[in-house]
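Colleague: Quick check, what structure comes out for this input:
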Amino acid sequence: MSNIVSPTRRVLPRILLGLFILFCMYLFTRTPTHEGEWSPLQTRLPQITLRHEGGEPYYHIENLRDFRYNADGSVLRADYRSADFAPADLQQVWLGISHFGGYGLAHTLLSFEFSDGQFLAVSVEARLRPGQGYNPFLGLLRQYNKMVVLGTEADVIGLRTHIRNERVLLYPLQLTEEERHYLFQALLRDAQQIAQQPDFYNTLLDNCTTNLLKHDPDYRFYTSLLDYRLLLPGFSDEVIQEKGWLATDKSIMDLRTRATINAALIPLDAEDFSQGIREGYRTEWHQPALETSSLIAPNK
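Modeller: Numbering: from 1, shown residues only. Got it, this is the predicted structure:
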């Protein structure tokens, strides 16, 4: 038997290794940027200012998105608003899970409810170029910038329920007042930081779900690699319930049934849109104030 190794078999591993090294160099020399053109839905970054006029501190937000859409998803009216939100007026935090495909493919978002009747939807997204679509594999390769969209529920949630016809679930989270305030301010800080310093979106490590969970002191970056329910955010409500942030006296299937928004019951242009998508379970799901805090990370 000959022990001679052909030149091709000797050179091929070196070529492959060289190509791999060049590919890694390409990835890690890429830098995120706010420059250039963006998808019509993601043109403007929110601008956030903390103010202390007249007593309690509040956040003034510019470029708060309040779009309306045609049936095909194109932008009918591109309206941006400015609004003020005081942490002292924050009453409830809602978790939204929008299923855009089967097998757990979904997008997660949060909405903050205030005593003055305002709702602020917060959605961490891959920022796309005009005509560009989202691909989970490309999301691993530093191909998308990250963006925090701040908008009205009629825009951020209504786009998914009424225009894209996605199955959207909306859950009230069981959080203490301190936890609600911490989470609200932490996500606004994230939006400010991205506006000042661009960052990449990552399908596994830095996505819509991990950007919400990272404010939990028990969360570790590798958690999303070890739990399929975080890899497939459509199942992330199971993780949230295990943490005690959803009601634990009901099954997850019962919670999902109650949380599913019936778009047929409320027109997208209704003045009470936010109230309408919660009709039927708000009173039953009202949660008393909790005495312990499990969400707030120390020294942050």
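Colleague: contacts, neighbours, all on C-alpha from now
Modeller: Will do.
Colleague: G73 is in contact with T161, isn't it?
Modeller: No. Taking contacts as Cα atoms under 8 Å, G73 lies outside contact range of T161: 11.6 Å.
Colleague: Looking at those two, which one has more neighbours?
Modeller: A count of neighbours by other Cα atoms under 10 Å puts T161 above the other of G73 and T161, at 23 against 13.
Colleague: in terms of contact, does that one touch L170 like I think?
Modeller: No. Counting by Cα under 8 Å, L170 is not a contact partner of T161; they are 11.2 Å apart.
Colleague: Specify the beta-bridge partners of W94.
Modeller: S111, P172 (DSSP bridges).
Colleague: Do you know the pLDDT at it?
Modeller: As predicted, W94 sits at a pLDDT of 97.
Colleague: cool, and the one 4 residues further on?
Modeller: At S98 the predicted local confidence, pLDDT, stands at 97.
Colleague: same thing with Y228?
Modeller: At Y228, pLDDT is 87.
Colleague: Same check on P7?
Modeller: P7 is assigned 64 on the pLDDT scale.
Colleague: ok, which stretches of the stretch 1-150 of the chain are strands?
Modeller: With strands called from DSSP state E, counting those that start in this stretch, the stretch 1-150 of the chain shows them at 47-51, 58-65, 68-69, 75-77, 80-85, 90-99, 106-114, 119-127, 145-151.
Colleague: tilt between the second one and strand 80-85?
Modeller: What separates the directions of strand 58-65 and strand 80-85 is an angle of 160 degrees, with axes from the mean of the first three to the mean of the last three Cα atoms, to 10 degrees.
Colleague: Could you give the separation of strand 58-65 from the chain centroid?
Modeller: Here strand 58-65 is found 17 Å from its chain centre; the criterion is Cα atoms, centre = their mean, to the nearest Å.
Colleague: do the same with the first one
Modeller: Using Cα atoms, centre = their mean, the distance from the centre of strand 47-51 to the centre of the chain it belongs to is 20 Å.
Colleague: what do you get for the longest one?
Modeller: Its chain's average C-alpha position is 10 Å from that of strand 90-99, according to Cα atoms, centre = their mean.
Colleague: Go ahead and confirm R229 touches V239.
Modeller: Yes. Between R229 and V239 there is a contact at 7.2 Å, judged by Cα under 8 Å.
Colleague: separation between D216 and L175?
Modeller: Plainly put, D216 is 12 Å away from L175 if you go by Cα to Cα, to the nearest Å.
Colleague: Settle it for me: which of these two has more neighbours?
Modeller: The neighbour comparison of D216 against L175 (other Cα under 10 Å) goes to L175, with 24 against 15.
Colleague: and that one, what element?
Modeller: Using DSSP states H and E, no element contains L175; it sits outside every helix and strand.
Colleague: surely it meets A247?
Modeller: No. Contact between L175 and A247 fails when scored by Cα under 8 Å: they sit 10.8 Å apart.
Colleague: ok, now how distant is F100 from R44?
Modeller: F100 is 24 Å from R44, by Cα to Cα.
Colleague: now do R258
Modeller: Separation of R258 from R44 (Cα to Cα) stands at 35 Å.
Colleague: Format the strands of the stretch 1-150 of the chain as TSV; extra columns: distance to P233 and mean neighbour count.
Modeller: Below are these laid out as TSV (distance: least, Cα to Cα, whole Å; neighbours: other Cα atoms under 10 Å):
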stretch	distance to P233	mean neighbour count
strand 47-51	28	15
strand 58-65	24	20
strand 68-69	25	18
strand 75-77	27	12
strand 80-85	28	15
strand 90-99	8	22
strand 106-114	5	23
strand 119-127	13	24
strand 145-151	17	24
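Colleague: Between those strands, which one is closest to I277.
Modeller: With Cα to Cα as the measure, strand 90-99 is the member of these nearest I277 (11.5 Å).
Colleague: I'd like to check the angle between that closest one and strand 119-127, please.
Modeller: 40 degrees.
Colleague: which secondary structure elements does strand 90-99 contact?
Modeller: Strand 90-99 is packed against strand 106-114, strand 167-172, helix 177-196, with contacts defined by 3 or more Cα pairs under 8 Å, 6 or more residues apart in numbering; DSSP states H and E.
Colleague: Sweet, I'm off.
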